[in-house]
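1. Provide a 3D model corresponding to the input given below.
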Amino acid sequence: MCLHSPARRVLSGLVLVTIATAPGSPRAYAFGDKPPALLAAEQARESAWLRTARIEFRRDWLGARDSSSPPTCHYFTWQCAGETYITVDQGDQDGVVIRDADGRPRNDLPYNGPIGFLIKGDEIWQHSEDAPTADVWSGERRSFFKLHDLRKEGLDPVVDGADPEERLRALGYPLPDYDSFEEGGLTVVRAKVEDGEWRWWIDPEKDWNIVRTGVWMNGQQIGETRYTLAQYDGVWFPQRMERYRLGAGDVFPSTVITTLSAEFNRPDHPQNLTQADIGIEVGTTIVFQDPKPDVASDAIVWDGKKPVSPAEFTERLKNGELQRGPTMQRRFELALAKLKGGPAASQAAATRPSRFQAALDPQNFESQWERYTRRFIVRYRLDDDQARKAWTICRECEDRARQYIGSRRSDFEEWQGRRDALNKATPEEREKQSARFDERRAELMQRVEGVFEDRLRPGLEQLPTPAQRNAATTRPDSKNAHGGLRPG
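-> Numbering: from 1, shown residues only. Next comes the predicted model:
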């Protein structure tokens, strides 16, 4: 898919005025005025043009000369719709999300799977996979959690995803004094701030994207970030980012971010992101970690749109207005079985659906295939090129399955209507009809399952080298990294 470049649409309304100067000589601007090249770089990254995105990336922290910490890497999923965005920490190179101070996996935690963050308005919603609770934080804590809008990468040479002028205003500093000059086919924008200086190297041939930034303090360069660009859906975007702590004596980058898959402005992207997109189901307990004077103190149960009191939630469950989410319902039924005791409790635990059972659900197959692909990459420690090929295979398979589901839309809508009705039925009625319901689902999703069996799984299996396969089977953590690779 190739879209018209957002940056070129932006630039159609932005006149880049140039004045003939000697090569390399700077052109000064009125105090506080941004050079057109920097304005173009900013406008090309606005959510009005890059409204939706879905990005898989890896962050490697390689350490610094003055650090004794070992190198680490984590895989992330990032998604946006307008000004709202989500970051999910999928875990490290061993599939571990949370480790203790000594680097050991926190297996003592009841919920140590992927952690999702939803940044919506002035709030941060945090939820661990399958957890019955979710935390809500003030948006001011974004830097603490290392959360930022990836579309803004590079616009602030100091703070990821920030607006440099807004940051200066908040600190009580005057706006920068700008100038610009040409260097090796790039436009270099320079901003003088207090005792320091910022620079952006901008490539006019790549829709005015930033390819390098630098930070100086008292005449000495203390930091630099380099970007390698690639095109995704017609959009130039960093494929690799390298950050150098020059003030600490870095010769090699201390942090590297590698884009493994990126999509922009696709019609199948959700146009709105909600708490459900990080697994917060109806019935989840909400904990406000920062004061919320506009929310009642007893409003702690999520009703799908807002937190309500336990009494209101229970009443709306009774009258059929609300229904717990599937994970919360299983948790409720298991707790009820335990209270009753006897074989029922064991049966309830044994019949709890596996995390991949929803793979045959037309609304969930994509997330399950993506999980399969992530775990495959981690298990075999695929390199960057292999990982990108893995995501290409996954996306192509998703497209093929979506086309089939679209061709049978009326049949799937009928099935989903029956599913919704069945979810509201009594446990006895659900048990009576579940077999017939599952048969119809299997019939409809047979072609989708065939895409997985005939294309996705064999396509991924061709990627690992013999050495990677051997290492995966002999690695002590191979069982954990491999767990659940087979959907269904």
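2. alpha carbons only for contacts and neighbour counts from here, please
-> OK.
3. quick one, longest strand in this structure?
-> strand 220-232 (DSSP state E).
4. chain center to that strand: distance?
-> 21 Å (Cα atoms, centre = their mean, to the nearest Å).
5. Show me what the biggest helix by length in the chain is packed up against.
-> Criterion DSSP state H: the longest helix present in the chain is helix 384-407. With contacts taken as 3 or more Cα pairs under 8 Å, 6 or more residues apart in numbering; DSSP states H and E, helix 384-407 sits against strand 255-264, helix 365-379, helix 446-451, helix 457-461.
6. 6 Å - rerun?
-> Of the remaining helices and strands, none touches helix 384-407 by 3 or more Cα pairs under 6 Å, 6 or more residues apart in numbering; DSSP states H and E.
7. pull the CA atoms of that helix into PDB?
-> What follows is helix 384-407, C-alpha atoms only, in PDB (Å, rounded to 0.1, in the frame of the first residue of the first chain):
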ATOM      1  CA  ASP A 384      16.500  -7.400  12.600                       C
ATOM      2  CA  ASP A 385      16.200  -8.500   9.000                       C
ATOM      3  CA  GLN A 386      14.600 -11.800  10.000                       C
ATOM      4  CA  ALA A 387      12.200 -10.100  12.400                       C
ATOM      5  CA  ARG A 388      11.100  -7.700   9.700                       C
ATOM      6  CA  LYS A 389      10.400 -10.600   7.400                       C
ATOM      7  CA  ALA A 390       8.400 -12.300  10.200                       C
ATOM      8  CA  TRP A 391       6.200  -9.200  10.600                       C
ATOM      9  CA  THR A 392       5.800  -8.900   6.800                       C
ATOM     10  CA  ILE A 393       4.500 -12.500   6.700                       C
ATOM     11  CA  CYS A 394       2.200 -11.900   9.600                       C
ATOM     12  CA  ARG A 395       0.700  -8.700   8.100                       C
ATOM     13  CA  GLU A 396       0.200 -10.400   4.700                       C
ATOM     14  CA  CYS A 397      -1.600 -13.300   6.400                       C
ATOM     15  CA  GLU A 398      -3.800 -10.900   8.400                       C
ATOM     16  CA  ASP A 399      -4.700  -9.100   5.200                       C
ATOM     17  CA  ARG A 400      -5.700 -12.300   3.500                       C
ATOM     18  CA  ALA A 401      -7.800 -13.400   6.500                       C
ATOM     19  CA  ARG A 402      -9.500 -10.000   6.700                       C
ATOM     20  CA  GLN A 403     -10.400 -10.200   3.000                       C
ATOM     21  CA  TYR A 404     -12.100 -13.600   3.600                       C
ATOM     22  CA  ILE A 405     -14.000 -12.300   6.600                       C
ATOM     23  CA  GLY A 406     -15.100  -9.300   4.600                       C
ATOM     24  CA  SER A 407     -16.500 -11.600   1.900                       C
END
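8. Give me the mean pLDDT for that helix.
-> Averaged across helix 384-407, the pLDDT comes to 93.
9. now swap in stretch 106-116 and tell me
-> Mean predicted lDDT for stretch 106-116 stands at 90.
10. Name the nearest residue to Ala390, ignoring sequence neighbours.
-> Leu460 (5.9 Å; Cα to Cα, 6 or more residues apart in numbering).
11. name the element Arg331 belongs to?
-> According to DSSP states H and E, Arg331 maps onto helix 326-340.
12. buried set for that helix?
-> In terms of neighbour count (16 or more other Cα atoms under 10 Å), helix 326-340 has its buried residues at Thr327, Met328, Arg330, Arg331, Glu333, Leu334, Ala337, Lys338.
13. Packing partners of the helix or strand that comes right after the longest strand of the chain?
-> With elements assigned by DSSP H and E, the helix or strand that comes after strand 220-232 is strand 235-244. In terms of contacts (3+ Cα pairs under 6 Å, 6+ apart), strand 235-244 is packed against strand 220-232, strand 255-264.
14. Put the alpha carbons of the helix or strand following the shortest one into CSV.
-> For strand 255-264, the following helix or strand on the C-terminal side (DSSP H and E) is strand 285-288. The C-alpha trace of strand 285-288 is given here as CSV (Å, rounded to 0.1, in the frame of the first residue of the first chain):
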residue,chain,number,x,y,z
THR,A,285,-11.1,-2.7,39.4
ILE,A,286,-9.7,0.8,38.8
VAL,A,287,-7.1,2.3,41.2
PHE,A,288,-6.5,6.0,40.9
